[in-house]
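**Q** the sequence and its predicted three-dimensional model are supplied below.
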Amino acid sequence: MQSISATNTDNNLTTFPTVLDVASKQVGSISQQTKTKAMKQDTQSTEVQFRIFRGEVTAVFPYIVETPNDVMCYVHLGQHTACCWDFNTISKPATPEQYADLYKELESIGYKLKVIKRRNHAKYLQAYKSFINSKTVKK
């Protein structure tokens with residue numbers, strides 16, 4: 001730890017931390033807080049499809065609507081993100097061998113997963129309507 005030394009009026013040497021020391025401690029405490037804010041373990045199963053596009057495996061949560069056009073997805077590098085609801089039309093199903101690492105990663109952060117091959121369109125529409133209703137201002 002670097003510091004700046006100064007002599008006070010009593011001729012005693014006083015040491016002050018530098019701005020960099022203070023900033024690094026703050027960043028360290030923020031990153032520690034982020035690590036401890038892991039997702040709580042799911043009590044219910046979350047339905048997920050594993051798709052592959054351009055060599056990258058993506059976990060698609062078809063019933064978690066993020067925007068009117070997007071559902072929640074998860075990838076290794078970007079983690080939680082959104083993808084277009086019709087992502088399935090441009091991607092292919094991933095094999096269990098291809099998605100094994102991503103499956104383990106999702107379970108390690110708290111998901112209880114139920115892998116599905118195809119999404120149920122009626123169930124998607126129900127999730128979409130719930131999303132729209134939650135965004136509608138009621139008087």
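**A** Here it is on my side, so go on.
**Q** so where's the chain shaky on pLDDT?
**A** For the chain, the stretches flagged by pLDDT under 70 are 1-42, 137-139.
**Q** swap in 50 and give it another go.
**A** Within the chain, the ranges that satisfy pLDDT under 50 run 1-7, 14-37.
**Q** contacts for stretch 100-107, please.
**A** Identification of contacts with stretch 100-107 by Cβ atoms under 8 Å, 6 or more residues apart in numbering yields 48, 50, 57, 59, 74, 75, 76, 113, 115. In short, each C-beta sits where N, CA and C put it, glycine included.
**Q** for that stretch, which residues meet the burial criterion?
**A** Using 16 or more other Cβ atoms under 10 Å as the test for burial, stretch 100-107 gives 102, 103, 105, 106.
**Q** how about stretch 48-67?
**A** 48-51, 57-66.
**Q** for the helix or strand hosting residue 65, packing partners?
**A** Element membership of residue 65 [criterion: DSSP states H and E] is strand 56-67. Packing partners of strand 56-67 (3 or more Cβ pairs under 8 Å, 6 or more residues apart in numbering; DSSP states H and E): strand 46-53, strand 70-75, strand 79-84, helix 96-108, helix 121-135.
**Q** one more pass at 10 Å, please.
**A** Contacts defined by 3 or more Cβ pairs under 10 Å, 6 or more residues apart in numbering; DSSP states H and E place strand 56-67 against strand 46-53, strand 70-75, strand 79-84, helix 96-108, strand 113-115, helix 121-135.
**Q** paired strands for the shortest one, with orientation please.
**A** So that's strand 113-115. Its sheet considered, strand 113-115 pairs with strand 46-53 (parallel) by DSSP bridges.
**Q** using PDB, write out every CA atom in the partner strand.
**A** Output of strand 46-53 as PDB, limited to C-alpha atoms (Å, rounded to 0.1, in the frame of the first residue of the first chain):
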ATOM      1  CA  THR A  46     -37.200 -22.600 -15.100                       C
ATOM      2  CA  GLU A  47     -37.800 -23.900 -18.600                       C
ATOM      3  CA  VAL A  48     -34.900 -23.400 -21.000                       C
ATOM      4  CA  GLN A  49     -33.900 -24.200 -24.500                       C
ATOM      5  CA  PHE A  50     -30.300 -24.500 -25.500                       C
ATOM      6  CA  ARG A  51     -29.500 -23.200 -29.000                       C
ATOM      7  CA  ILE A  52     -26.300 -22.900 -31.000                       C
ATOM      8  CA  PHE A  53     -25.700 -19.900 -33.300                       C
END
